[in-house]
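Trainee: I would like to see how this sequence folds:
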Amino acid sequence: MKKKGSELMQLWARRCELSKAEWAQLYRLVRLVLKQSRCSALNGLPLKPTHYIDEFFRDKVFLTTTKEDSKETELLHDNALKTFFCHYLKDVLDDSYLKRALPLTNEDDERSDDDGKKTLTTAEMAEFEVDLDRLSSKLDRDQAWALLSELDIETASQGVRLLLEFELDIKQARFFLLEAALKPEWVSGFLKAGLTRESVGQSAYQFLSENDKWVRLYLALHTCVDQKTHLPLKKLAENHRIPSYHHRARKLGISRRKGQFEEGYEETILGAWLLSLGLVAKTENLGAINVAFKILCWEASSLAKQEM
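Mentor: You can find the predicted model right below:
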């Protein structure tokens, strides 16, 4: 342990200049030491000791290096770290922020938490925290955590990238990642196309208002709902007295066979709408198109509820 203790102290002293790989190594060493801690405060806490070790590392080791007014006590020996940890645990008992933090894990552990959600490796953890600290200068940190803590850890990590790259606000991010449950890579393609939820939402509302009512019904009651609750086209046509319902489905662009997406889709009603957004029906645009359709469905469902 002496050799590792020496390495731990060296890395501790250089925290403000560590590389990602060195941060990962420092995390491993801190974890090794603190797993041997016998703090009495652990007996009054509901989660596993490793959970609080991870949060101690994040809040008292990693994040403190980014604050100008912080100057940590020199680590003279490994056991001094246990003392720091025990003092930290006394504050955890009444700290709701720490209790809701996202789970982390050692890369040697299983890559999932108790709920089966994928978790970060130590190397990923360091990168994620760097980004989150940058994010806190643009958004309220508590609001960001409130959103990210509702996502699985992989989506949360990708969500931070979106927030940083495109400067989304929390409301937009919540819609894309949580309410609409869209894949982050789809959202990235959508935003890179110069589109926003607001602009596409306005276009969708106008599109739905200008087209016949059956278009809204097809989308809201058949296309935009899951298989368990959607109405088959025949039933939909019977309920709402819609003639030539198969022809209308083809005209709208919702009954094309697999592989026909790129073949003349711009001639359908939906294809023409996509073109108005600057989205050509090509495979490389599929992510952005999925997001646009989700927003269209959102508007169609809202209008259908008002009319029924």
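
Trainee: give the rounded mean pLDDT of the helix or strand harbouring residue 158.
Mentor: Per DSSP states H and E: residue 158 is located in helix 153-166. Taken as a whole, helix 153-166 carries a mean pLDDT of 79.

Trainee: dump that helix to PDB, restricted to CA.
Mentor: This file holds the C-alpha atoms of helix 153-166, laid out as PDB (Å, rounded to 0.1, in the frame of the first residue of the first chain):
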ATOM      1  CA  ILE A 153     -26.500   7.600 -17.200                       C
ATOM      2  CA  GLU A 154     -25.600   7.200 -20.900                       C
ATOM      3  CA  THR A 155     -28.300   9.500 -22.100                       C
ATOM      4  CA  ALA A 156     -27.500  12.000 -19.300                       C
ATOM      5  CA  SER A 157     -23.800  12.100 -20.500                       C
ATOM      6  CA  GLN A 158     -24.900  12.600 -24.100                       C
ATOM      7  CA  GLY A 159     -27.400  15.200 -22.900                       C
ATOM      8  CA  VAL A 160     -24.700  17.300 -21.300                       C
ATOM      9  CA  ARG A 161     -22.900  17.300 -24.700                       C
ATOM     10  CA  LEU A 162     -26.000  18.600 -26.400                       C
ATOM     11  CA  LEU A 163     -26.500  21.300 -23.700                       C
ATOM     12  CA  LEU A 164     -22.900  22.500 -24.200                       C
ATOM     13  CA  GLU A 165     -22.700  22.300 -27.900                       C
ATOM     14  CA  PHE A 166     -26.000  23.900 -28.800                       C
END
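
Trainee: and that helix, what's buried?
Mentor: 153, 155, 156, 157, 158, 159, 160, 162, 163 (16 or more other C-beta atoms under 10 Å). Bear in mind the C-beta positions are built from the backbone N, C-alpha and C, glycine included.

Trainee: what's the answer for stretch 282-290, then?
Mentor: 285, 287, 288, 289, 290.

Trainee: which pair in the residues you listed spans the largest distance?
Mentor: 285 and 290 (9.5 Å; C-beta to C-beta).
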